[in-house]
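Student: fold the following for me, if possible:
(chains A, B, C, D, E and F)
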Number of protein chains: 4
Amino acid sequence: MAAAPMADAPLKKNTRAKGAAPVAPRARSDKRERILNAAVKVFARSGFHATRVSDVAKAAGVADGTIYLYFTSKEHLLVSLFEDRVERLIAFVSAELPKLKTARARLRRIIELQLGLLESERELAEVMTVILRQSTRLLKEYAAPKFSAYLEVIAHVVLEGQRRGEFRSDVSPHLIARAIFGALDGLALTWALGKADRGGLVRASTQLSDVLLRGLSST
Amino acid sequence: MAAAPMADAPLKKNTRAKGAAPVAPRARSDKRERILNAAVKVFARSGFHATRVSDVAKAAGVADGTIYLYFTSKEHLLVSLFEDRVERLIAFVSAELPKLKTARARLRRIIELQLGLLESERELAEVMTVILRQSTRLLKEYAAPKFSAYLEVIAHVVLEGQRRGEFRSDVSPHLIARAIFGALDGLALTWALGKADRGGLVRASTQLSDVLLRGLSST
Amino acid sequence: MAAAPMADAPLKKNTRAKGAAPVAPRARSDKRERILNAAVKVFARSGFHATRVSDVAKAAGVADGTIYLYFTSKEHLLVSLFEDRVERLIAFVSAELPKLKTARARLRRIIELQLGLLESERELAEVMTVILRQSTRLLKEYAAPKFSAYLEVIAHVVLEGQRRGEFRSDVSPHLIARAIFGALDGLALTWALGKADRGGLVRASTQLSDVLLRGLSST
Amino acid sequence: MAAAPMADAPLKKNTRAKGAAPVAPRARSDKRERILNAAVKVFARSGFHATRVSDVAKAAGVADGTIYLYFTSKEHLLVSLFEDRVERLIAFVSAELPKLKTARARLRRIIELQLGLLESERELAEVMTVILRQSTRLLKEYAAPKFSAYLEVIAHVVLEGQRRGEFRSDVSPHLIARAIFGALDGLALTWALGKADRGGLVRASTQLSDVLLRGLSST
DNA sequence: AATGAATGAGAGTTCATTCAT
DNA sequence: GATGAATGAACTCTCATTCAT
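Tutor: The predicted structure follows:
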């Protein structure tokens, strides 16, 4: 499963290098990145509200005040984290999809990737899930754009499938996109509960794709 | 849509006897109920952490201290609320399902009911969604049993469908149950974002059922 | 010198008893008063910024949080203190002046009273002096009205003196009022420096009055 | 009014040689001076405590750390500023007074100068006023000597007037000096409040001098 | 000398919880 | 049972100061 590389190379590719400067100025400030990585860990472990800024600082190996050099508030740290990671996810998915020809294959891949992410980056997955629900206000005001962008990627695949005749056309691509995301997120939630067998990831991915693709089939 | 009765009869049975029902049991300790109803409102509006105990007290028309006569802590209030409402939901769904004969009809009804709940009891739906994500710890320690019980209801319908030959048998009923719950919850989330057209409730319910039932069909 | 009583009976007279209720309901909440009295002490000792809210709380014998039940912020505490005490000062001066017939006697009395206040309520005097300079913004936004009201009392005495022919009429009463206040405040400042002989209060008061009254004389 | 020259020649001598003065000594370490000039501005605008060291640094066009090459602390910067400017004021006043023959004329000139300072160097005047009240400790420990020296200048003029028979001898020169300073400072305060008419500077100066000189007259 | 990113102690404020009435 | 004033622990954020470059 391709989740692991996503966390490294491809997802970070476009994070800071705006212009492809030949003489890569060796961007200083890995601090921001260290803080974000630490935030993922502690937010996942304790949740946003139960996490103290000093916890993040300690985990990042920086002073409390340093966090405020990169983020204006604890809340901004959360939002930045969300945006940063969803950006990476979108970038990675966008890079993966063109390799596949059919909409069916692409949808299957999306499911595979998002569930793979749950496996390989457990903490990131938890944070994303949690972030989306911590505060409706936060979500509405800041996270919505990036979140919508990701949903758009899924919806686009569905729409293409409809155009090509692979998928039935009597359903709304956006509705399906939201339902797919929700289904995947729901699996994450129950895994977080520790009840379901986490090993069955491949099986889960396959079964979900099977049901979904048959459900969407145009025949 | 059958959401309305649910909101009235079982879910709010003793809450506020507007009409003078002949044999109304008229529970005397309505304080607890008033507090729970107030909690639904303010938690839905502001979220759990942003809500102060005094906000709940004010909304319930009781003193701050009174809340601690019925609940041991703010957290306990949240958990009690969750358990109380999921119990009602299970009771209502359990009462509705026997009226339908096929597993297909029952699954369609579950989707209809849960989405209907979003419409008719917006606040309750938000609280349930929010509660489930506030804190993994809270979820794991307290909410899991009731939540699992609800998932079990869905899974049971799927299993029955498989036994009767209505549904394909190559998928895990529990996996499907979690995915269905997640998909419905995902729709709630995006509605909370205010982006999707909330009017399309019937259409959403129908489309989702169509896709799901075809996806689960045994043929 | 009449400064001492001012701090007690007369100055507090109008503080809370809005209507002269016969059955004095024994107003609860001496807390507010205790906090204000504590604030005078610690603000005078350490200045506003160097004083921690917890210092005031400790001095008042209340919990930190209690202060916020009566004042919205540390700043509001300072402003309230200022307003409260200037109100008392005005009330006391206003009660004293009618006992004297000539403007000359009244001006002499004002000087006497304000300097007496410096002696008997050293801390209060320091706080008032300090408050007026801590923050121009604070002063402009909140303290100005009460402060102006006190200046007005002085200016009014000067004006009356001019009307009666006791004082020269070629000077602005407001200008003189401000200068008198400043002169008195300046003496307080240098006393705070600990350099000047503080015992010479009566002499200072007399000399200042002598110079001022001759300076203002209409002949 | 002679305030302008003071503001230029002695007080700002090396600050910003706009015209190419022939023999300009052109001090090389203008950093210290730039910092002090910046400090006057920002302290006057926001007060000492509300001003951040980085604000001063930015206004001076230097790095935060640079300030600590010239001043040991923020407090030391304030004290240095005070001492520096009072020294200049004393130097200027000391140079001006010998030009006048009578004590009456000299006192009138001092009033004129200090009030003129309020007009022409608003910021400096505010800083001086503010500095004196920020903290009794600061004042006592550091600012007192220079401040006393300035008071001494005024007291000396009064004393001389008494010796020459121009002024009454039944008042303490130091008391009068402190009162005069306070009166002038009090006018500054109310001007800072924005209430009084600031245009009436000449009138204020004249009226104050008139009252004071008549009050001090030996007849 | 100059820089400014990093530090971390410290303070104001909030609010869940208690308990005397 | 009910109240709500009082409590005080805990947390976010600020900013004077330092020091590696």
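
Student: now the residue lying closest to residue A:156 once chain neighbours are set aside: how far from chain B?
Tutor: Of all residues not flanking residue A:156 in the chain, residue A:173 sits nearest, at 7.5 Å (CB to CB, 6 or more residues apart in numbering or on different chains). For glycine as for every other residue, the C-beta is placed from the backbone atoms N, C-alpha and C. As judged by CB to the nearest CB, to the nearest Å, residue A:173 and chain B stand 11 Å apart.

Student: so who does residue A:173 touch?
Tutor: A:155-156, A:158-159, A:162 (CB atoms under 8 Å, 6 or more residues apart in numbering or on different chains).

Student: what about those residues, which one has the most neighbours?
Tutor: Using other CB atoms under 10 Å in any protein chain shown as the neighbour criterion, residue A:158 leads the contacts of residue A:173 with 24 neighbours.

Student: residue A:188 against residue A:133, yeah?
Tutor: No: with contacts counted by CB atoms under 8 Å, residue A:188 stays clear of residue A:133, the gap being 11.7 Å.

Student: ok, residue A:65 - how many residues close by?
Tutor: 9.

Student: for the lengthiest helix in chain A, packing partners?
Tutor: If you go by DSSP state H, chain A has its longest helix at helix A:74-96. When contacts are defined as 3 or more CB pairs under 8 Å, 6 or more residues apart in numbering or on different chains; DSSP states H and E, helix A:74-96 packs onto helix A:3-7, helix A:9-13, helix A:31-46, helix A:53-60, helix A:103-120, helix A:122-134, helix A:136-138, helix A:144-163.

Student: can you give me the buried ones in the fourth one?
Tutor: What it means is helix A:53-60. A:53, A:55-57, A:59-60 (16 or more other CB atoms under 10 Å in any protein chain shown).

Student: wait, which of those is closest to residue B:200?
Tutor: The closest of the buried residues of helix A:53-60 to residue B:200 turns out to be residue A:56 (CB to CB; 40.9 Å).

Student: assess the claim that that closest one and residue A:36 are in contact.
Tutor: No: contact criterion CB under 8 Å: residue A:56 and residue A:36 do not qualify, at 9.4 Å.

Student: how is chain A divided into domains?
Tutor: A:29-71, A:78-219 (automatic domain parsing).

Student: got those domains as JSON lines, with mean pLDDT columns?
Tutor: Formatted as JSON lines, the domains of chain A follow (pLDDT from 0 to 100):
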{"stretch": "domain A:29-71", "mean pLDDT": "93"}
{"stretch": "domain A:78-219", "mean pLDDT": "86"}
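
Student: indicate which one of those domains is closest to DNA strand F.
Tutor: Taking CB to the nearest atom of the strand, domain A:29-71 is the member of the domains of chain A nearest to DNA strand F, at 3.3 Å.

Student: now that closest one, how far from the centre of its chain.
Tutor: Relative to its parent chain, domain A:29-71 has a centroid offset of 19 Å by CA atoms, centre = their mean, to the nearest Å.

Student: overlap in contacts, residue A:56 and residue A:36.
Tutor: By the contact definition CB under 8 Å, 6+ apart, residue A:56 and residue A:36 are jointly contacted by residue A:77.

Student: DNA strand E: which of the helices and strands packed on helix A:74-96 is closest?
Tutor: helix A:31-46 (4.4 Å).

Student: what angle do helix A:74-96 and that closest one make with each other?
Tutor: 100 degrees (axes from the mean of the first three to the mean of the last three CA atoms, to 10 degrees).

Student: helix A:31-46 near DNA strand E anywhere?
Tutor: Yes: interface with DNA strand E: helix A:31-46 contributes residue A:31 (CB under 7 Å from any atom of the strand).

Student: now do that helix and helix A:122-134, the angle between them.
Tutor: Using the same axes, to 10 degrees: helix A:31-46 against helix A:122-134 is 80 degrees.

Student: buried sites along helix A:31-46?
Tutor: A:32-36, A:38-45.

Student: check whether that helix comes near DNA strand F.
Tutor: No: applying CB under 7 Å from any atom of the strand, one finds helix A:31-46 separated from DNA strand F by no less than 9.8 Å.

Student: got it, and stretch A:49-69?
Tutor: Yes: using CB under 7 Å from any atom of the strand, a contact is recorded between stretch A:49-69 and DNA strand F, made by A:51-54, A:64-65, A:68.

Student: of the residues you listed, list those near DNA strand E.
Tutor: Contacts with DNA strand E are made by A:64-65, A:68 out of the residues of stretch A:49-69 next to DNA strand F, judged by CB under 7 Å from any atom of the strand.

Student: any idea how far stretch A:70-83 is from the chain center?
Tutor: Worked out by CA atoms, centre = their mean, stretch A:70-83 lies 16 Å from the chain centre.

Student: can you check stretch A:140-154 too?
Tutor: Counting by CA atoms, centre = their mean, stretch A:140-154 comes out at 11 Å from the chain centroid.

Student: who's in contact with it?
Tutor: Contacts of stretch A:140-154 (CB under 8 Å, 6+ apart): A:79, A:82-83, A:86-87, A:89-90, A:93-94, A:97, A:107, A:110, A:131-132, A:139, A:174, A:176-178, A:180-181, B:190, B:192-195.

Student: buried sites along that stretch?
Tutor: Neighbour-count burial for stretch A:140-154 [16+ other CB under 10 Å]: A:142-144, A:146-148, A:150-151, A:153-154.

Student: just stretch A:111-129 next, same as before
Tutor: Those buried within stretch A:111-129 under the rule 16+ other CB under 10 Å are A:111-122, A:124-129.
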